[in-house]
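A.B. asks: Any chance you could fold what I've pasted below:
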Amino acid sequence: MFIKADQQQSYLSGYCRKSISLRRLIQLPVSLPVILLSIINSCTAQPLRLKDTTQPGQHIEWLTGTTDTSYNSLSDYKKNLKHYPFIELVPDSSFKNVIEKRNLVYATANQRNLHIDAFLPQPKKTSALKKTPAILIIHGGGWRSGSPSQHIPLAQHLAARGYACFTVQYRLSTEAFFPAAIYDLKAAIRWLRAQNRQFNIDTNKISVMGFSAGGELAAFIGMTNGIQKFEGDEGNEGHSSRVNAVLDIDGTLSFVHPEASETQHPDKIGASAWWLGYPRTERLDLWKAASPLTYANNNSVPFLFLNSSLARMHAGRDDFKKLMDQQKVKVKIIEFPNTPHSFCLYRPWFPDVVNAVNTFLNDLYSDK
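C.D. replies: Numbering: from 1, shown residues only. Sure thing, here's the model as predicted:
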C-alpha cells in the first residue's frame, strides 16, 4: 500500500547502506583517483532535508531523505566491463591550461547549499579580453542517484578546448520531486550570468549538457526558455536562465512516447515515477508535462544528440527533429552503435564525444 502526501506522513532512512572493498577495487584497470573518488561518493552519504512542498496524492514515502549511492561511474564501469571488456573509464586529468575552482555555492534550496565546480580555460595573453563560451554539465543517475563528479573528466577536456565548464549539483528525487531540479539548474544558469565577469563568460554562448537523466533535464531547460513557472526563486532573479544550445547525451525527450520504456510497462514503479511522485497510471498529465517534447516549438534552441543504440534512451528525439526541421532549427544526431548507455564515460568513445561537442559548438557559434 502506498502512503500519499495528503496523509501528511514522511519517512527518513539512515546513512550509506553499503561499503566497497578496496581490495576488489584495486584490481580494476582504472586510476587510483577514480577509485578513491568513487569510494568517497558511495560511502559518505549525508542525510538530506525533505522537500516540504508536494502535490496532493504524491507518494512522499519515496522522499527517503537519504542520498542514494547506488549509481556512480565505478559501479557502472564494473557492470559494463562484463559485456565490453575493452572499455577504459576515463580518469580525472590535469591540464596546465585549465583552472579549477571547486565547491562553489550557487544557490540555497530547502535550507541547504547547492554546489558547483568550475573548470576554466587559462586566458591567453593575446586574448585576455575575449569572452569564453560556457557549458553547464548535468550528471545522470535516474534523477535519484549520481554525482557531479561523474563528468569531471568531460569538463576538464572541454575546458582544455576553450570552454568554461561547470559540473553542477541539483536536488535528486530522494529529496524533492519534479520540478525542483529544474528550479535548481535554472538558478545555476542565472548564477553563471551573475558571475560572468569572474569566469569571463560570454553570456550569449551558454549551453547545457547532460547525460541520461541529466540529458533529459538539459533538454527540458532548453525547451522551456522563458517559461516563468519553471524558474523557481533560488536567487539572481534579475538574470536570465536562457540557454543557447542543448547537448543531450542519451537523455529521453518524453516519458509517454511509444519508445519510452514506461510505455511498455505503465505500472512499473521506477526512476521516472520516483522523480515525478506518481506512477504513470495515476498522473499521465504530469508525465506529459514533465516531458521536454511537450514544449517543443519554434523558440527551441539548437540541439546536439549523442546517442547509444538504445531507442528507449532517446524516446521522442526523431519526432523533435522533424518539428525542428520544419522550423529550421539546427538539430544534429550522432549515434554510437553497439555501445552501452554510458558510452560517454569510456574510451574508446570519450574522445569522439569531446570532438563532437567541440565541432557542434564551433559551427554554431561561428554562424553568429
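A.B. asks: Assign Ala134 to helix, strand or coil.
C.D. replies: Under DSSP: H, G, I helix; E, B strand; the rest coil, the three-state class of Ala134 is strand.
A.B. asks: Trp191 is in contact with that one, correct?
C.D. replies: No: the criterion here is C-beta atoms under 8 Å, and Ala134 misses it with Trp191 at 11.2 Å. For the C-beta atoms, the positions are set from N, CA and C on the backbone; glycine is no exception.
A.B. asks: Next, show the common contact partners of the two.
C.D. replies: Shared contacts of Ala134 and Trp191, defined by C-beta atoms under 8 Å, 6 or more residues apart in numbering, are absent.
A.B. asks: hey, where'd the strands end up in the stretch 101-250 of the chain?
C.D. replies: With strands called from DSSP state E, counting those that start in this stretch, the stretch 101-250 of the chain shows them at 112-121, 132-138, 164-168, 201-211, 245-249.
A.B. asks: Can you check which of those strands gets nearest to Asp92?
C.D. replies: Of all these, strand 112-121 sits nearest to Asp92, with 10.6 Å by C-beta to C-beta.
A.B. asks: how about the helices in this structure?
C.D. replies: Taking DSSP state H to define them, one finds helices in the chain at 22-25, 32-43, 73-81, 152-160, 180-194, 196-199, 213-223, 261-264, 271-276, 284-289, 317-327, 350-366.
A.B. asks: Give the rounded mean pLDDT of the last one.
C.D. replies: Translated: helix 350-366. Here helix 350-366 scores 98 as its mean pLDDT.
A.B. asks: With the first one instead?
C.D. replies: When pLDDT is averaged over helix 22-25, the result is 36.
A.B. asks: For Lys203, grab the count of nearby residues.
C.D. replies: If you look again at residue 203, you'll see it is Thr, not Lys. With neighbours defined by other C-beta atoms under 10 Å, the count for Thr203 comes to 16.
A.B. asks: surely it meets Arg197?
C.D. replies: No: applying C-beta under 8 Å, one finds Thr203 not in contact with Arg197, separated by 10.2 Å.
A.B. asks: How about Asp248, nearest residue that isn't a chain neighbour?
C.D. replies: Distance criterion C-beta to C-beta, 6 or more residues apart in numbering; nearest residue to Asp248, sequence neighbours excluded, is Gly215 at 4.2 Å.
A.B. asks: residues contacting the one you found?
C.D. replies: Listed by C-beta under 8 Å, 6+ apart, the contact partners of Gly215 are 138, 140, 209, 248-252.
A.B. asks: how about 6 Å then?
C.D. replies: Gly215 makes contact with 248-251 under the criterion C-beta atoms under 6 Å, 6 or more residues apart in numbering.
A.B. asks: Which pair in the residues you listed has the greatest spatial separation?
C.D. replies: Farthest pair in the contacts of Gly215 (C-beta to C-beta) is Asp248 and Asp250. Separation: 7.6 Å.
A.B. asks: Dump the strands of the stretch 101-250 of the chain to TSV, plus mean pLDDT.
C.D. replies: TSV is the format used below for the strands of the stretch 101-250 of the chain (pLDDT from 0 to 100):
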stretch	mean pLDDT
strand 112-121	98
strand 132-138	98
strand 164-168	99
strand 201-211	98
strand 245-249	99
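A.B. asks: Tabulate those in JSON lines, adding columns for distance to Gln150.
C.D. replies: Listed next are the strands of the stretch 101-250 of the chain as JSON lines, based on distance: least, C-beta to C-beta, whole Å:
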{"stretch": "strand 112-121", "distance to Gln150": "12"}
{"stretch": "strand 132-138", "distance to Gln150": "9"}
{"stretch": "strand 164-168", "distance to Gln150": "8"}
{"stretch": "strand 201-211", "distance to Gln150": "7"}
{"stretch": "strand 245-249", "distance to Gln150": "11"}
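A.B. asks: Of those, which is nearest Gly232?
C.D. replies: Using C-beta to C-beta, the strands of the stretch 101-250 of the chain put strand 112-121 closest to Gly232, at 11.3 Å.
A.B. asks: Also compute the angle for the closest one relative to strand 164-168, please.
C.D. replies: With axes from the mean of the first three to the mean of the last three C-alpha atoms, to 10 degrees applied, the angle from strand 112-121 to strand 164-168 works out at 160 degrees.
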